[in-house]
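Participant: give me the fold of what follows.
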Amino acid sequence: MAGSLRLLSPLLGWRFAGTTKPLYSSRQPQRGHRLTPSDDELYQKTTVQRLEKESQDIMFIESYTARGFTINGNIVIGPCAILPRAIIQWNVGTHKDITAESLVLFRLLEPRIEIVVLGTGDKVERLDPAVLKLMRQCGIAVEVQDTPNACATFNFLTSERRVAAAGLIPPPGFRQHNHAAVG
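Facilitator: Next up is the predicted model:
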């Protein structure tokens, strides 16, 4: 009986005091089943939406450098404000220049902007809470990010046909980064 238990012990995962081999040392773990999609996965559709750079009705940030941005084929030097149908120079130098006065443009637009994405350079900078509160009171959400992420966020929002705008400060030290694959 003891001999047959010793033979079955590796299969059952038992270990006797007299054995010196570690459990499962010679066997590799194996799957006894195949992974297959569950029934509900068979009926779900996957959709892919491509950002259309050539579309006339949306703004698309193609690339950025330390000097500026390429938006819909237009090169913009320095900080800029991107509106649903226009690109303008934005008179800010650093995140410290982003004030209620510098954001008044976004509050005056019709149709009303849903969200303003602010790119503060190479890192996320804290803005004056009173300025952010004023924008919320006007019904405009504000997303503050570093400029590389702000570019991607803006492209994503506009691809979803959201009424979005951006205020972007070029990130110092970046040579060039293309956002054509952002989606």
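Participant: residues contacting stretch 141-151, please?
Facilitator: 61, 64, 69, 114-127, 132, 135-136, 153, 166, 168-171, 174, 177, 179, 182 (C-beta atoms under 8 Å, 6 or more residues apart in numbering). For glycine as for every other residue, the C-beta is placed from the backbone atoms N, C-alpha and C.
Participant: among the residues you listed, which are located in strands?
Facilitator: Among the contacts of stretch 141-151, the members falling in strands (DSSP state E) are 61, 64, 69, 115, 116, 117, 118, 119, 166, 168, 177.
Participant: the first one and residue 155 touch, don't they?
Facilitator: Yes: in this structure residue 61 lies within contact range of residue 155 using C-beta atoms under 8 Å: 5.7 Å.
Participant: filter the contacts of stretch 141-151 down to the buried ones.
Facilitator: 61, 64, 69, 115-122, 124-125, 127, 132, 135, 153, 166, 168-171, 174, 179, 182 (16 or more other C-beta atoms under 10 Å).
Participant: in this structure, what secondary structure element scores lowest on mean pLDDT?
Facilitator: Every helix and strand in the chain was compared by mean pLDDT, DSSP states H and E; the lowest is helix 39-43, with a mean of 50.
Participant: where does this protein have low pLDDT?
Facilitator: Within the chain, the segments meeting pLDDT under 70 span 1-57, 174-183.
Participant: now with 80, please.
Facilitator: Confidence mapping of the chain against pLDDT under 80 gives the ranges 1-57, 173-183.
Participant: now do the helices in it.
Facilitator: Using DSSP state H, the helices of the chain run over residues 2-12, 39-43, 104-108, 129-137, 147-159.
Participant: roughly how far does the residue nearest to residue 97 when sequence neighbours are not counted sit from residue 129?
Facilitator: Of all residues not flanking residue 97 in the chain, residue 91 sits nearest, at 7.7 Å (C-beta to C-beta, 6 or more residues apart in numbering). Plainly put, residue 91 is 22 Å away from residue 129 if you go by C-beta to C-beta, to the nearest Å.
Participant: those two: who's more crowded?
Facilitator: Taking neighbours as other C-beta atoms under 10 Å, residue 91 and residue 129 compare with residue 91 leading, 12 against 8.
Participant: for that one, phi and psi?
Facilitator: phi -80, psi 70 (degrees, to the nearest 10).
Participant: my guess is it contacts residue 103. True?
Facilitator: No: when contacts are counted by C-beta under 8 Å, residue 91 is not listed as touching residue 103 (11.5 Å).
Participant: what sits against residue 77?
Facilitator: 67, 68.
Participant: same check, this time on residue 130
Facilitator: By C-beta under 8 Å, 6+ apart, the contact list for residue 130 reads residue 100.
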